[in-house]
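In: coordinates only, sequence not included:
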């Protein structure tokens, strides 16, 4: 039967946050894709993104309409399906810009590495909820989470997409640190990591090392990512306090910004809206993250708590890494800014995240 | 599940949530702090940089690798060229600037204007190349007036310079601007429109090795586009130097010998397949292509009656004439339709199917065996051999000798030639093979077509006791500093389908051609080096009755000569074709003889030997 508590507990605040962020995204994508003079203008991308936004709303409603505890049962099937898609990408994916990230299903180009983030969080939530104990997770109990994490990370590294692979690892690590890990195990893991790192570094080939150095420090690549970061910083900095005004950005207009509608969309926004607009966006993301953590806190079951933490970690890291990158604080990686960047896979993933958070929030009283 | 809450107090979860919240707060604060730093503290600096899009990227062209001969003589190098570049956005009043510039450069000003208009729409910050390769005088003028010419810059770029003029032009090839088709082929990663790539010959074949990788420069420019500061530079990786197998001296001499003719000559080392010289006449000047060739000059080259741009050594297809008798003899001996004692009577013609097939010697050779038939090039002898063989057995041997297929030298485009068979004719013309045609094929006339390189490789294999090699043009690849990247190794392709005894007989016959009393190429004979060879005369039109009528030059037969030397342990094999040269012995033979002399009469003629003696590669 329909439970009235579902309506009284509906998280209107989270919905409002999501809609505001989504609207900012649409407005920014419009600016980014139409700034070029007519022949180069890609207005069609804006209409596509509007369509994705609509689809995202449907997906979000779908994600909140069932009892999230079903996911406890379905975690592994979902994970394996996503893993198979990742494998398919490595085998038959579309090659673009030197890596295989896209799976083509008819008219839809799809990026399975987006979905796998949620799948990893689901599986970890299921596992940790069962295994958490006052003593904390032991080393033996960590075997399965490490395997669950290593499989997709390995497949994404092969693509190669170091950024997304690192992101999946960081999200998994965050979830793991949230549940209690036995103190000895933690110390052991840290020591092992510290010991393995230099050895692994020695084993790498010269060009691989250079790639990692460039990844960590863009100034190693002054003609590629290093140049992009300079242009991004100029775009952001030149926005000053109040910005140049909507659609008035100059760096964006002349294609000085790379990937201006995807990875570097924050630079477009900060140039046009200035400190006022960019700081507001960062605050909105902060509110979103705190909301997610409070949902985690209020959950009555361990599965829900860990799931909420994982989803929040996913949104948090993507936002922080992307914005940090455009300002030269983080490595240059192909991580989209949730809600704001152009892209179907990313929009759908974010919609699922928000839908699940709402799901967790409104069903917290339905434990028995 | 409830145990979770009993055993671990709710405080524990709360503690974690608070910890995570603090961490998130810290992270967002860091982002905000950075944002304030960029926009509020540094805002004005960045604002200034953004007004003019001051930080720009300039591409540094990689120096293209040199092309050298085996001994290190430079054939192609690079020189600086001064190009005038124009960035419309920096100019202010573009029309005024272009007008002034046109006056300084003494060119019509709509010329410059139309170039800028032509590239509009790419974005006004994209520089446009106005004039390429301006002279030093023009350079001085532009540099002096720099202040009055905002948006104008002189860019030093790298240009190809073919040091030896037209030497080995067909082999080396030339450069041209990369075409949209080249770009969409995809194989050429890292290329942009306007870049130059090899369009033919070695420049094309080894383009990936020669090209190197571009570097670049982050620069800060002022309001008129002048570079104020270089922020960061990535050096270009120069292309590799390519050493060819050719011998500079032999190549030069060969081209001298071909001067004024429509002709081709190939010399190869029979022991390794290394090409020692490859010449095609008339030559062209690859320097004319540097920086783009103009329409009239291109037109003149393409419409030249002697086809100047064609590399006749690998693209020219000619009936092999009597040089093909090497194949007919080989097939006849191997198929045992003749042996060394077989004798045929030559009366000057052979009657077959109601027609007289003539020998080149009207009065006939009398009784000839295989050695004499080779030495004196008796047509009737080979007609009889072919009658016993049939066309298809002959075709099988020709193909097994490497004819009718690309040699695999790796220079595009290479012609395959043609070895006819009964199946081929049925397919091509829809009519069955006529036995009379077999007779023409036996002496290299009719449908037969071969390239000079194919005949040189065949001759080399005969001289090398039957071992065939893939022809090689690349000796080694080195970095600009001289470190070895790659060295070619000889590649044996197999053996001629002939027993040692058969080869010995053919070798004896070929030696008698040059050194025998009545050999057809007696004038090729020299005292100190024993040469073995074969003449050929390939009909352009059917052989005429009477014979002393005047034949217009373009209908005269092509002259062939193939040879190797010294007999016993040959170090060079040669094929020469002179278009419409009439007689192999008089037109082509002497050219080959001079090539042999040039190559073998020199101390340390072997480039490998020369290398070992000097002890240092290249240079």
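Out: Yep, that arrived. The model shown is predicted, which means the values in this text are computed figures rather than measured ones.
In: Show the model's pLDDT score for residue A:254.
Out: At residue A:254, the predicted lDDT confidence score is 53.
In: Poorly predicted segments of the chain, please.
Out: Since no chain was named, I'll use chain A. Under the criterion pLDDT under 70, the flagged ranges of chain A are A:1-2, A:36-41, A:95-99, A:106, A:251-258, A:366-368.
In: try chain B instead
Out: B:1-10, B:118-126, B:180, B:182-194, B:541-550, B:603-619.
In: Pop the domain breakdown of it in here.
Out: For chain B, automatic domain parsing gives the domain ranges B:56-111+B:127-140+B:152-244, B:248-283+B:310-611.
In: Disregarding residues adjacent in the polypeptide, which is nearest to the closest residue to chain B within chain A?
Out: Sorted by distance to chain B under Cβ to the nearest Cβ, the residues of chain A start with residue A:237, at 2.7 Å. All C-beta atoms are positioned from the backbone trio N, CA, C, and that covers glycine. Spatial nearest neighbour of residue A:237, excluding adjacent residues (Cβ to Cβ, 6 or more residues apart in numbering or on different chains): residue B:46 at 2.7 Å.
In: so who does the one you found touch?
Out: Under the criterion of Cβ atoms under 8 Å, 6 or more residues apart in numbering or on different chains, the contact list for residue B:46 reads A:233-234, A:236-238, B:38.
In: near chain B, which residues of the stretch 251-368 of chain A?
Out: Within the stretch 251-368 of chain A, the residues that sit near chain B (Cβ under 8 Å from any Cβ of the partner chain) are A:251, A:254-256, A:270-271, A:274-275, A:278-279, A:282-283, A:285-286, A:289-290, A:293-294, A:296-297, A:300-303, A:305, A:309, A:316, A:320, A:323-324, A:327, A:329.
In: Mind checking which of these land in helices?
Out: For these, the ones inside helices are A:251, A:270-271, A:274-275, A:278-279, A:282-283, A:285-286, A:289-290, A:293-294, A:296-297, A:302-303, A:305, A:309, A:316, A:320, A:323-324, with DSSP state H as the criterion.
In: Return the residues in contact with the residue most central in space within chain A.
Out: Centrality entry for chain A: nearest residue to the mean C-alpha point is residue A:318, 4.0 Å, by Cα atoms, centre = their mean. For residue A:318, the set of contacting residues under the criterion of Cβ under 8 Å, 6+ apart consists of A:167, A:335-338.
In: how about those residues, which pair is most distant?
Out: Maximum pairwise distance among those (Cβ to Cβ): 12.6 Å, between A:167 and A:337.
In: okay, now residue B:136: neighbour count?
Out: When neighbours are counted by other Cβ atoms under 10 Å in any protein chain shown, residue B:136 registers 8.
In: how much space between it and residue A:360?
Out: Separation of residue B:136 from residue A:360 (Cβ to Cβ, to the nearest Å) stands at 76 Å.
In: How about residue B:390?
Out: Looking at residue B:390 against residue A:360, where the rule is Cβ to Cβ, the gap reads 89 Å.
In: Name the residue in those two with the higher neighbour count.
Out: For residue B:390 and residue A:360, the more surrounded residue by other Cβ under 10 Å is residue A:360, and the numbers stand at 24 against 17.
In: isn't that one right next to residue A:293, touching?
Out: No: with contact defined as Cβ atoms under 8 Å, residue A:360 and residue A:293 do not form a contacting pair (11.8 Å).
In: Return every residue with contacts to both of these two.
Out: Between them, residue A:360 and residue A:293 share the neighbouring residues residue A:308, with contact defined by Cβ under 8 Å, 6+ apart.
In: buried ones in the helix or strand hosting residue B:254?
Out: Applying DSSP states H and E as the criterion places residue B:254 in helix B:248-258. Residues B:248-255, B:257-258 are the ones in helix B:248-258 that count as buried (16 or more other Cβ atoms under 10 Å in any protein chain shown).
In: related to what we said a few turns ago, reformat the contacts of residue B:46 as TSV; add distance to residue B:51 and neighbour count.
Out: What follows is the contacts of residue B:46, written out as TSV (distance: Cβ to Cβ, whole Å; neighbours: other Cβ atoms under 10 Å in any protein chain shown):
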residue	distance to residue B:51	neighbour count
A:233	15	22
A:234	10	27
A:236	15	32
A:237	12	27
A:238	8	27
B:38	17	27
